[in-house]
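Asker: for reference, the sequence and a predicted model appear below.
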There are 2 protein chains.
Amino acid sequence: MSFSLTVLGSSSALPTSKRFPTAQVLNVQERFFLIDCGEGTQIQIRKFKLPLSRIHHIFISHLHGDHVFGLFGLLSSMNLLGRNADLTIHAHAAMENLIRYFTTSFGTDLQFRIIFEPFPSRRQSLIYEDKMVTVETIPLKHGIPTVGFVFREKKRPLNIRKDSVEQLRIPYREIVKIKEGADFITDEGKVYKNSELTLPEIRPRSYAFITDTAYQEKIAGLIQHVDLLYHEATFLDTDRKLARLTGHSTALQAAGIAHKACAGKLLLGHFSSRYKNVAAFVSEASTVFENTVAVEDGDVFQVEETRER
Amino acid sequence: MSFSLTVLGSSSALPTSKRFPTAQVLNVQERFFLIDCGEGTQIQIRKFKLPLSRIHHIFISHLHGDHVFGLFGLLSSMNLLGRNADLTIHAHAAMENLIRYFTTSFGTDLQFRIIFEPFPSRRQSLIYEDKMVTVETIPLKHGIPTVGFVFREKKRPLNIRKDSVEQLRIPYREIVKIKEGADFITDEGKVYKNSELTLPEIRPRSYAFITDTAYQEKIAGLIQHVDLLYHEATFLDTDRKLARLTGHSTALQAAGIAHKACAGKLLLGHFSSRYKNVAAFVSEASTVFENTVAVEDGDVFQVEETRER
């Protein structure tokens, strides 16, 4: 079952010819979540062959143009493509008026329903949950209300060993219990431990999306042990004063968060266009957190499914 | 002196991975005019290495999203890049509110002045004029007020033959008159005809941008003898009923306009994404107007400077 992130845009406010503004798609077991929606998102979705019609939830970190300006075109295109499935937009409460103004101004009579799910920006909240995954917000520190998002797979039921079922002739009602963690006791009173009867657990995977924000140490505490951490790195350490002033982070600070969070891998993005080369971001971050990459538009990062006892 | 058109986007309402929504830049003697501004325009401007800071006039045909949604990001980026030169937006009057709503909603404190130049949509009007060029609107037939634009170079003063000046010792005050078309009469009363003293005239070049519109024969009368005609061809002739219904044209109809207008070259674009291959558009149009091409994003069309008596 997939857990993969596709980067659609990785520029900061000023896009370049190679980097579109912020947008990502996270595929969690074939559920496709769109995170932020900078200008050109719909074009990147097509370019990177993601299924537009299967996006049912959009998460918007904050209402700056480089994270939002792609939304109007995306909604228009969904409409033109005949969408009728509901679309839920998780964003700051002001998003609703913005979308309403748009559809009114452009006479866009949407044939599908938009469900607005406003969230508080000042405290960590569970804002989405289904059978497979939860999404929580992480309050960030930027010029306007801004949150990060943490996507975590839920624990899955244990997989029973088929050979055990056959060999021990385990009845169906017992299988259900074993999948929930119970041992199996035969009619003769012999006990088979759950770990003998089941495969090791599938480890739940997780992803944290942290942009835009000034350095905030407490973020690390809220995203402990995520497999993938995307953390903005608009600036290099030499420009850390500018980072603080503009509510952004440096590569070194992003690495500090990854280190303190015991993250699996750090993805850097949202680079200021003032830097010609992103290698310096990786070099800087690697001094503190080794498993770091600078993302490019179109990059796909997978977290493999593993079992562990 | 250049007269060249760069196509930034050539899709209809639904962009594809290879075609952005409508936008073009016309370079008339190093004045850069942006025509329409679909989503991603700023990205294409960078990709095709056009000078963003030298765009001082934007012409918007109509307020449908696929011709406008790139404007907000473009303005933000101009601001971030430190623009302080005025920017004039020629558009339907409703554009002003739209931009004001945007800059307010996104807290964008623009450091440059936007001058709104609303134009009437129902009659042909001269909406721009400078030393080199005029721009006129052409009323079109679409669901909402929509115009085309015709860019025409002005006649340039005649270039005098240097050898004549020297040989005949023509005084300065006479040179000015000769440049305006006068003959030269020597003190002895000998008449030199203007055509002997000057180079053949530089032929003024012209470009018409016609999208979005249902077929309107009278358009041809308003754009007679343009060198380049971009005419939308959203559909093929087999779908002409759909074209009429949606306020669009077919390739055959676009060619009919080119033919009746005695245009130099026909550029087709705004293709519906329902067609996989644009060759059919050219085949269809060529039966009526031979010099036809289907544009691609990034195409540049030049009109050479020629002299003619």
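Answerer: Perfect, I can see it now. As the structure is a computational prediction, the values presented were derived from the model and not from experiment.
Asker: could you say which helix or strand contains the residue in the stretch 151-300 of chain A that chain B sits nearest to?
Answerer: Relative to chain B, the nearest point of the stretch 151-300 of chain A is A:Ser273 (8.9 Å; CB to the nearest CB). Heads up, the C-betas are built off the backbone N, CA and C, glycines and all. In the assignment (DSSP states H and E), A:Ser273 maps to no helix and no strand.
Asker: need the contact list for it.
Answerer: Residues counted as contacts of A:Ser273 (CB atoms under 8 Å, 6 or more residues apart in numbering or on different chains) are A:Ser11, A:Ser12, A:Leu14, A:Pro15, A:Thr16, A:Arg19.
Asker: hmm, try it at 6 Å
Answerer: Neighbour list for A:Ser273: A:Leu14, A:Thr16 [criterion: CB atoms under 6 Å, 6 or more residues apart in numbering or on different chains].
Asker: try A:Lys260
Answerer: A:Ala220.
Asker: residues from the stretch 101-250 of chain A in reach of chain B?
Answerer: Taking CB under 6 Å from any CB of the partner chain as the contact definition, the stretch 101-250 of chain A meets chain B at A:Ser105, A:Phe106.
Asker: A:Glu39: how many residues sit nearby?
Answerer: A:Glu39: 34 surrounding residues under other CB atoms under 10 Å in any protein chain shown.
Asker: tell me the secondary structure of it, please.
Answerer: Applying DSSP: H, G, I helix; E, B strand; the rest coil to A:Glu39 yields a three-state assignment of coil.
Asker: ditto for A:His57
Answerer: What three-state DSSP gives for A:His57 is strand.
Asker: tell me the contacts of it?
Answerer: For A:His57, the contact set (CB under 6 Å, 6+ apart) comprises A:Phe33, A:Thr88.
Asker: bridged to it, which residues?
Answerer: A:Phe33, A:Thr88 (DSSP bridges).
Asker: all helices of the stretch 51-200 of chain A, in order?
Answerer: A:71-80, A:94-105, A:162-168, A:172-179, A:194-197 (DSSP state H, counting those that start in this stretch).
Asker: tell me which residue in the stretch 51-200 of chain A sits closest to chain B.
Answerer: For the stretch 51-200 of chain A, CB to the nearest CB, closest residue to chain B: A:Gly73, 4.3 Å.
Asker: for that residue, which non-adjacent residue is spatially closest?
Answerer: B:Glu39 (4.3 Å; CB to CB, 6 or more residues apart in numbering or on different chains).
Asker: these two touch, right, that neighbour and B:Leu71?
Answerer: No. If you go by CB atoms under 6 Å, B:Glu39 and B:Leu71 don't touch, sitting 9.4 Å apart.
Asker: what about A:Val303, how many neighbours?
Answerer: 20.
Asker: what about it, distance to chain B?
Answerer: To chain B, A:Val303 is 26 Å away according to CB to the nearest CB, to the nearest Å.
Asker: ok, how many other residues are close to the residue of the stretch 51-200 of chain A closest to chain B?
Answerer: 27.
Asker: ok, A:Lys241 - contacts?
Answerer: No contacts exist for A:Lys241 under CB under 6 Å, 6+ apart.
Asker: make sure it is indeed in a strand.
Answerer: No. Counting by three-state DSSP, A:Lys241 is not part of a strand but helix.
Asker: measure it to B:Glu296 for me?
Answerer: Distance of A:Lys241 to B:Glu296, computed by CB to CB, to the nearest Å: 45 Å.
Asker: then A:Thr287?
Answerer: Relative to B:Glu296, and taking CB to CB, A:Thr287 is found at 45 Å.
Asker: try A:Ala233
Answerer: Counting by CB to CB - A:Ala233 and B:Glu296 are separated by 36 Å.
Asker: who has more neighbours out of these two?
Answerer: More crowded of A:Ala233 and B:Glu296, by other CB under 10 Å: A:Ala233, with 33 against 12.
Asker: correct me, but that one touches A:Leu267?
Answerer: No. Look at A:Ala233 against A:Leu267 with CB under 6 Å: they stay out of range, at 9.5 Å.
Asker: quick one, strands of the stretch 201-309 of chain A?
Answerer: With strands called from DSSP state E, counting those that start in this stretch, the stretch 201-309 of chain A shows them at A:201-202, A:206-210, A:228-232, A:265-269, A:292-294, A:300-302, A:307-308.
Asker: would you reformat these as JSON lines and include distance to B:Ile144?
Answerer: Below are those laid out as JSON lines (distance: least, CB to CB, whole Å):
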{"stretch": "strand A:201-202", "distance to B:Ile144": "54"}
{"stretch": "strand A:206-210", "distance to B:Ile144": "38"}
{"stretch": "strand A:228-232", "distance to B:Ile144": "39"}
{"stretch": "strand A:265-269", "distance to B:Ile144": "38"}
{"stretch": "strand A:292-294", "distance to B:Ile144": "44"}
{"stretch": "strand A:300-302", "distance to B:Ile144": "40"}
{"stretch": "strand A:307-308", "distance to B:Ile144": "58"}
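Asker: any buried residues in the lowest-mean-pLDDT helix or strand in chain A, and which?
Answerer: Ranked by mean pLDDT, DSSP states H and E, the weakest helix or strand in chain A is helix A:162-168, scoring a mean of 86. Going by neighbour count (16 or more other CB atoms under 10 Å in any protein chain shown), the buried part of helix A:162-168 is A:Ser164, A:Val165, A:Leu168.
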